[in-house]
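Peer 1: sharing a model that was predicted from the sequence below.
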Amino acid sequence: MSRIPAFTLPQPADRAEWEARRVLLRATLMQLMGDLPPLFTPRATVVDSASRDGYLLEKIEFANGLDDTVYGYLLVPDQPNGAAVLYCHYHGGRYELGKDELFQEVLWEEWGSETPRGVALAQAGYIVLAIDSYAFGERQHQGPAGSREGSRETEHALFKQFLWEGRSLWSMMVYDDWLALNYLLSHPLVEPDRVAVTGASMGGSRATWLAALDERIKIAAPVIQYTRYQNLIASGGLNGHSFYYYVPGVLHAGLDMEALTALVAPRPQIALVGDQDKLSPADGITQIVDFTRAIYALYDTPDHFEPHVYTGVAHHYTTTMFADLLAFLKKYL
């Protein structure tokens, strides 16, 4: 049973009305994210580097302003083209993986390529950056209990601690992604107007939130996470997402996922999701797409929005999805 009456975002009458409203929407999102530290451009340290097949792999780390260290990989192509991709890793209960998803050949059972996605992006000429989110990769013990807890326990403890501190685990994850974006934009080989953000599952939502909040991102490419919150509740699927996903007050503020996706307009945006994905109920996808498409029409840029809903596909990142992503990046980035 829902305690908040179902609602839909009203369509704006024209572009002027939408542009006034989106200022308020971003302000509301920032308020919902709570008491975040000031944003800054990190000075990352390269702790290791190695030449790989067509790119240089740098392992980096930087402080995030809360006495926590963020660990990341930067892939620099042998022949960079100036474009860059911020790659947000997924959840899937794979706490040990984090940023190492870049080098995984398999993401669930549908991946049919021998080339991992991070490597494929670098070999296509894109500078690629991925960081570990809280509780993942090298940050599995970066919680209040330190080495006494790890992985899932760290995630849950941080969720509770951050709420006490006036913010959410989700907002702090997005905050770290924002710092990573600042670092990427400051890189001498990156052209600031040619930066995309992508990710699958949890990484898809991270990509959507960051692109909604920061217009320096030129392309948003969320994969297998186009979840409308009210429809997830109605489907009984709340436990399909872990604690990370929940931000206090979003529905109370009258916001749902279509507000975030519409905030990306008129910048190019591709969405890749299956119609059998229980984490993104199909009726919610339809509402997100319809509202977002109408916003792009206000800017006379309908071709900038490409929602791909794959028939018969569940919560899987397929090789077809990745091929469509690469084609979109090539077209716009």
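Peer 2: Alright, I've got the coordinates. Residues are numbered from 1 along each chain as shown.
Peer 1: strands of the stretch 151-300 of the chain, start to end?
Peer 2: 195-200, 219-223, 269-274 (DSSP state E, counting those that start in this stretch).
Peer 1: now mean pLDDT, distance to residue 158 and mean neighbour count too, for the ones you listed, in TSV please.
Peer 2: Every C-beta, even on glycine, is put in place using the N, C-alpha and C of the backbone. Formatted as TSV, the strands of the stretch 151-300 of the chain follow (pLDDT from 0 to 100; distance: least, Cβ to Cβ, whole Å; neighbours: other Cβ atoms under 10 Å):
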stretch	mean pLDDT	distance to residue 158	mean neighbour count
strand 195-200	98	20	28
strand 219-223	98	23	28
strand 269-274	98	28	26
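Peer 1: export stretch 87-103 as CSV, just CAs?
Peer 2: Output in CSV follows, covering the C-alpha atoms of stretch 87-103 (Å, rounded to 0.1, in the frame of the first residue of the first chain):
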residue,chain,number,x,y,z
TYR,A,87,32.2,4.5,-16.3
CYS,A,88,30.0,3.8,-13.3
HIS,A,89,30.3,0.2,-12.1
TYR,A,90,27.3,-2.0,-11.2
HIS,A,91,26.2,-3.6,-7.9
GLY,A,92,25.0,-7.2,-8.4
GLY,A,93,26.3,-8.1,-4.9
ARG,A,94,29.8,-8.1,-6.4
TYR,A,95,31.4,-6.0,-3.8
GLU,A,96,34.8,-7.3,-4.6
LEU,A,97,34.6,-6.1,-8.2
GLY,A,98,33.8,-2.4,-8.3
LYS,A,99,35.9,-0.6,-10.8
ASP,A,100,37.4,-3.9,-12.0
GLU,A,101,34.1,-4.4,-13.9
LEU,A,102,36.0,-2.6,-16.7
PHE,A,103,38.0,-5.8,-17.3
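Peer 1: dump the strands of the stretch 151-300 of the chain into JSON lines; add distance to residue 86 as well.
Peer 2: Rendered in JSON lines, the data for the strands of the stretch 151-300 of the chain read as follows (distance: least, Cβ to Cβ, whole Å):
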{"stretch": "strand 195-200", "distance to residue 86": "5"}
{"stretch": "strand 219-223", "distance to residue 86": "10"}
{"stretch": "strand 269-274", "distance to residue 86": "15"}
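Peer 1: residue 52: what's it in contact with?
Peer 2: Contact analysis of residue 52 by Cβ atoms under 8 Å, 6 or more residues apart in numbering lists 75, 119, 122.
Peer 1: out of the residues you listed, which are inside strands?
Peer 2: residue 75 (DSSP state E).
Peer 1: ok, back up a step: of all the strands of the stretch 151-300 of the chain, which one is nearest residue 27?
Peer 2: strand 219-223 (19.9 Å; Cβ to Cβ).
Peer 1: give me the angle between that closest one and strand 269-274.
Peer 2: 10 degrees (axes from the mean of the first three to the mean of the last three Cα atoms, to 10 degrees).
Peer 1: residue 271 against residue 226, yeah?
Peer 2: Yes: between residue 271 and residue 226 there is a contact at 5.3 Å, judged by Cβ atoms under 8 Å.
Peer 1: between those two, which contacts overlap?
Peer 2: Contacts common to residue 271 and residue 226, judged by Cβ under 8 Å, 6+ apart, are 261, 288, 307.
Peer 1: for those, which one is nearest residue 141?
Peer 2: For the shared contacts of residue 271 and residue 226, the nearest to residue 141 is residue 261 (34.7 Å; Cβ to Cβ).
Peer 1: which residues does the residue nearest to the closest one when sequence neighbours are not counted contact?
Peer 2: Spatial nearest neighbour of residue 261, excluding adjacent residues (Cβ to Cβ, 6 or more residues apart in numbering): residue 292 at 4.5 Å. Contacts for residue 292 were tallied using Cβ under 8 Å, 6+ apart; they are 258, 261-262, 264-265, 269, 305, 307.
Peer 1: cool, residue 186 as well?
Peer 2: residue 41.
Peer 1: what score does it have for pLDDT?
Peer 2: Predicted confidence (pLDDT) for residue 186: 98.
Peer 1: angles on the backbone of it, please.
Peer 2: phi -90, psi -10 (degrees, to the nearest 10).
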